[in-house]
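Enquirer: quick one, what's the 3D model for this:
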Amino acid sequence: MANKGKRLRAAYGSLDREAVYAMSEAIKLIKGAASAKFDETVEISMNLGVDPRHSDQMVRGVVSLPHGTGKSVRVAVFAKDAKADEARAAGADVVGADDLMEEIQNGRMDFDRVIATPDMMAVVGRLGKVLGPRGLMPNPKLGTVTPNVADAVQAAKAGQVEFRVEKAGIVHAGIGKASFSEDQLVENAAAFVDAIQKAKPSGAKGNYIKRVSVSSTMGPGIKVDTAELGTAPAA
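Expert: Now for the predicted structure:
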């Protein structure tokens, strides 16, 4: 912890905490400050002008990042027979039906995404209290309840990111690794911002995207110029 504190203080010391940067400049600073012994995750955080307690202000969806996330994603699929075979062939890590439900009820949670065929939702529904709080419950709107399990598995493995705004109006996601090139991170960030803009709910009033920042696992947050992103409100 002491070493982490020193690194953070050093990184913060070289930055103007109140300054805002173009996304490309912010990414360059993030990469320059990443000095951990592991490949740090680069994350984007966005403060939105919504109150997700109201259903017409919920922001949720998926986006496929052009360069992936750099993270190995483990996928569990609820499917039977031919659909189960399709899921395995597409690279699913765990495939099952009632047997998988029982494993999860007994504590198995070694996966990052859960996909289900529509006919399996009666089984998956019994896991709502387990999967729901972890953001793992399959959802048709997110493409994780689908007969096209092979496509869904491949998308998850390729770097598809789910996002959901939190109570405080914040949405965040990993957009790559510090080892990515600046261009790759900038393009991933642009794809994420674009997805958030397209997911603007009908109930959002006034300034939708209030603040944007990027950071790495062990580094400071750097403010991004929302006007440069084309997210500033009209004058």
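
Enquirer: whichever helix or strand residue 188 is part of: which residues count as buried?
Expert: Per DSSP states H and E: residue 188 is located in helix 182-198. Applying a neighbour-count criterion of 16 or more other Cβ atoms under 10 Å, one finds 184-193, 195-196 buried in helix 182-198. Glycine gets a C-beta too; all of them are placed from N, C-alpha and C.

Enquirer: how many neighbours does residue 86 have?
Expert: Look at residue 86: counted by other Cβ atoms under 10 Å, it has 20 neighbours.

Enquirer: pull the contacting residues for it.
Expert: Neighbouring residues of residue 86 by Cβ atoms under 8 Å, 6 or more residues apart in numbering: 79, 149-150.

Enquirer: may I ask which of those residues has the most neighbours?
Expert: residue 149 (29 neighbours).

Enquirer: check contacts around that residue.
Expert: 77, 79, 83, 86-87, 90, 92, 115, 117.

Enquirer: try residue 79
Expert: By Cβ under 8 Å, 6+ apart, the residues touching residue 79 are 86-87, 95, 97, 116-117, 120, 149.

Enquirer: ok, it to residue 140 distance?
Expert: 15 Å (Cβ to Cβ, to the nearest Å).

Enquirer: show me what contacts residue 190?
Expert: Going by Cβ under 8 Å, 6+ apart, residue 190 touches residue 23.

Enquirer: over to the one 3 residues further on?
Expert: With contacts taken as Cβ under 8 Å, 6+ apart, residue 193 has the following neighbours: 44, 46, 209, 212, 229, 231.

Enquirer: repeat that for residue 166.
Expert: residue 52.

Enquirer: which of the contacts of residue 149 fall within strands?
Expert: 77, 115 (DSSP state E).

Enquirer: quick one: low-confidence ranges for the chain?
Expert: 1-17, 230-235 (pLDDT under 70).

Enquirer: run the last query once more with 50
Expert: Per-residue confidence for the chain (pLDDT under 50) gives these ranges: 1-2, 4, 231-235.

Enquirer: show me where it has its helices.
Expert: Ranges of helices in the chain, per DSSP state H, are 2-13, 23-33, 81-89, 98-105, 121-124, 128-131, 149-158, 182-198.

Enquirer: tell me which of the ones you listed lies nearest to residue 67.
Expert: Minimum separation from residue 67 across the helices of the chain (Cβ to Cβ) falls at helix 182-198, 4.2 Å.
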